[in-house]
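Colleague: using only what follows, build the 3D model:
(one chain, ligands or ions: 1)
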Amino acid sequence: MKNNVTKNITNKTLGILGAGQLGKMIAMEASRLGIKTCILDPNKSAPAFQNANIIVNSEYTNKKSLEQFVKHSDKVTYEFENIPLESLSFIEKNSQIFPGLKALKHSQDRLLEKEFISNLGISVAPFYQIKNYVDVKNTIEKLKGTAILKTRKFGYDGKGQYVIKKYNIPNIKNNIEKNKYIIEGVIKFKKEISVIVIVKKDGSAVCYEPSENKHINGILRETVFPAKISTKVKNKAKAIAVKLARSLNIVGIIAIEMFVDKSNEIIVNEIAPRPHNSGHWTMDACNISQFEALVRVIFDMPIPHIKYYHKCKMINILGENYNVIEKSLYKKNQKIYVYGKDQIKEGRKLGHINILS
Ligand code: AMP
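Modeller: A predicted model of the protein is given here:
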């Protein structure tokens, strides 16, 4: 006689929207737990197809492909935010999507995201909706001459983000498309941290301890675990992260990126309702990785108390530092992950290394 937990994972398939590195690492953990995967992505050489049981190589909007995807998938998750909402609504009619659509909708649009967070009484950078060039001019005055112009949608790894100054805004006059942007004030932070929250189906939440992030030109380069911040700041960050996860009805995991300023105030920068690059250290530093946690929640498996075995520095391998792979392979305290992307390009994430101590 099978008990309930093993019944939940026997002959089950997880549908994953997106076959990038995050999809690949979700698939690897699902497979370790005996769960098959069906993965949909338009790019035929996307990394996660190396680990998929069923491949659906198609645009996210193709109805026939979505039908095929749903038919094979007992439950569905996604590895990135920018999946068309119509496709998600179609899938939702036939399957359950984790960590959930409310969070996804908010994370797809920086304006909705910032409004949602600040309406909860949580600090964010000062932000303004930009409808046209006149708004840019007026806003830069309010923000004392320097600000960050961000596209509301489709921004990632620093893309769609421009530091603007009062004196150079005439240069962008002709490039401002209607209703496409927000402007944020520049936060003088002393640290960037992130917190990953696991929320189970019964609503109970557990947090990983915060990690510390270093970005260059908007791209994450390194994450250090644990973050070098006081216990008081850690607890504050975790409480904010749990409040956000609950308010967004997360079932699964969510990563919250935050700034810590010099008076130890926490300002939330971004939410990512999925596994996150700044959580890759969990693959080797503790007993349960962010990917395993997501799969466990989706298939009703227990979440153990999180135990930390190592300190860890996670380094992203980008196109320009691809040669670190060879060096790393000789190091006994390093665990390397190579995503298997088809092209090496500057700024493209090709793998990561967890350096353990
Ligand atoms: P984002 O795409 O919004 O996560 O931004 C990428 C990175 O740009 C962040 O991790 C920060 O390093 C920097 N950044 C974004 N927004 C701000 C801001 N309002 N103030 C200061 N730095 C920022």
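Colleague: and the stretch 151-300 of the chain, which residues reach the ligand?
Modeller: Contact residues, the stretch 151-300 of the chain versus the ligand (Cβ under 6 Å from any ligand atom): Gly155, Gly158, Gln161, Glu184, Val186, Ile187, Glu192, His215, Gly218, Glu257, Asn269, Glu270. Every residue, glycine included, has its C-beta placed from N, CA and C.
Colleague: excluding its backbone neighbours, what's nearest the last one?
Modeller: So that's Glu270. Glu257 (4.5 Å; Cβ to Cβ, 6 or more residues apart in numbering).
Colleague: buried sites along stretch 57-74?
Modeller: The neighbour-count check on stretch 57-74 (16 or more other Cβ atoms under 10 Å) flags Asn57, Ser58, Tyr60, Ser65, Leu66, Gln68, Phe69, Val70, His72, Ser73, Asp74 as buried.
Colleague: oh sorry, the question was meant for stretch 166-175
Modeller: Ile169.
Colleague: burial of the residue nearest to Glu270, as a residue count?
Modeller: Other residues near Glu257 come to 19 when the count uses other Cβ atoms under 10 Å.
Colleague: show me what it is bridged to.
Modeller: Note on Glu257: beta-bridge partners by DSSP bridges are Ser194, Glu270.
Colleague: wait, it sits on Asn277?
Modeller: No - using Cβ atoms under 8 Å, Glu257 is not in contact with Asn277; the gap is 10.0 Å.
Colleague: that older thread, give me the lowest-pLDDT entry from the residues of the stretch 151-300 of the chain next to the ligand.
Modeller: The member of those with the lowest pLDDT is Gly158, at 78.
Colleague: in space, what's closest to that residue - neighbours in sequence excluded?
Modeller: Gly218 is the one closest to Gly158 (Cβ to Cβ, 6+ apart), at 1.8 Å.
Colleague: could you count how many residues lie near that neighbour?
Modeller: 15.
Colleague: could you give the backbone dihedrals for it?
Modeller: phi 80, psi 0 (degrees, to the nearest 10).
Colleague: residues contacting it?
Modeller: Gly218 sits next to Asp157, Gly158, Lys159, Gln161 when contact means Cβ atoms under 8 Å, 6 or more residues apart in numbering.
Colleague: can you do 7 Å?
Modeller: Shown in contact with Gly218 (Cβ atoms under 7 Å, 6 or more residues apart in numbering): Asp157, Gly158, Gln161.
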